[in-house]
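> Generate coordinates for the sequence data below:
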Amino acid sequence: MVKRKSSREKSELARRWEGLDLDLLPIDSLDVNILDILRENSRTSNAVIARMLGTSEATIRRRIKNMMDKGIIVGFSTYINYSLIENPVKAYIHIKVRTEKMESVVDKIKSHDMLLALYRVAGEYDILCVTMFSSMNGLHEFIDYFLGIDGIIETNTQIVMKAHKGVPWTGI
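Reported below is the predicted structural model:
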């Protein structure tokens, strides 16, 4: 079990990895606590993290570098609240693709700037696109041009109306 040196309740990461034998993972409970703090605010200084966790700043710096070297931490990011700047349109687009055209369809779609994520999925559809546009017109153009490419059999688009619990890094 991961323990935090704060009065806050158990973190999402601590709950997620609760019961796992950390000896079998490439991280330990201190790393989990560091990751938890950085996920909440990646600008938290090493000195502040060290104070929160009751260890030295050098230990924190070394642990973060080690996790970066291992590829566990792949970067640091800023979350933007797009709804304060524009009227964003977030859409999930499910795509059914001819098997022999999968690679060419994926290559064509993944180059689009408004694509947040592209997944191969199981079920009725083969691909799930997570997109965000600054207008409905952008979504319309995406569907007309990019999804009209050879190999696509069918699409189904779902537009997010409201986020009851959103994903902060996508802005909605």
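> can you list the weak-confidence ranges in this structure?
Residues of the chain that meet the criterion pLDDT under 70 lie in 1-10, 83-84, 86, 169-172.
> same thing but at 80, please
For the chain, the stretches with pLDDT under 80 are 1-25, 78-87, 146-147, 166-172.
> Outline the domain layout of it.
12-69, 82-170 (automatic domain parsing).
> can you put these in JSON lines and add mean neighbour count and distance to G75?
For the C-beta atoms, the positions are set from N, CA and C on the backbone; glycine is no exception. Formatted as JSON lines, those follow (neighbours: other Cβ atoms under 10 Å; distance: least, Cβ to Cβ, whole Å):
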{"stretch": "domain 12-69", "mean neighbour count": "15", "distance to G75": "9"}
{"stretch": "domain 82-170", "mean neighbour count": "14", "distance to G75": "11"}
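> what about these, which gets the closest to F76?
Each of the domains of the chain has some distance to F76 by Cβ to Cβ; the shortest is domain 12-69, at 4.1 Å.
> Now do the end-to-end distance for the closest one.
24 Å (Cα to Cα, to the nearest Å).
> now for the host helix or strand of N66, which elements pack on it?
For N66, the element it lies in under DSSP states H and E is helix 57-69. Applying 3 or more Cβ pairs under 8 Å, 6 or more residues apart in numbering; DSSP states H and E, one finds that helix 57-69 contacts helix 29-40, helix 46-53.
> Which stretches in the chain count as strands?
Using DSSP state E, the strands found in the chain span residues 89-97, 115-120, 127-133, 152-159.
> for these, which one sits closest to M67?
Nearest to M67, of the strands of the chain and by Cβ to Cβ, is strand 115-120 at 22.7 Å.
> Run me through the strand neighbours of that closest one, direction for each.
strand 127-133 (antiparallel) (DSSP bridges).
> May I have the partner strand as PDB, with CA atoms only?
Below are the C-alpha coordinates for strand 127-133, written out as PDB (Å, rounded to 0.1, in the frame of the first residue of the first chain):
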ATOM      1  CA  ILE A 127     -10.800   2.400 -34.700                       C
ATOM      2  CA  LEU A 128     -11.800   5.000 -32.200                       C
ATOM      3  CA  CYS A 129     -10.800   8.600 -32.900                       C
ATOM      4  CA  VAL A 130     -10.900  11.100 -30.100                       C
ATOM      5  CA  THR A 131     -11.000  14.600 -31.700                       C
ATOM      6  CA  MET A 132     -11.400  18.200 -30.600                       C
ATOM      7  CA  PHE A 133     -12.300  21.000 -32.900                       C
END
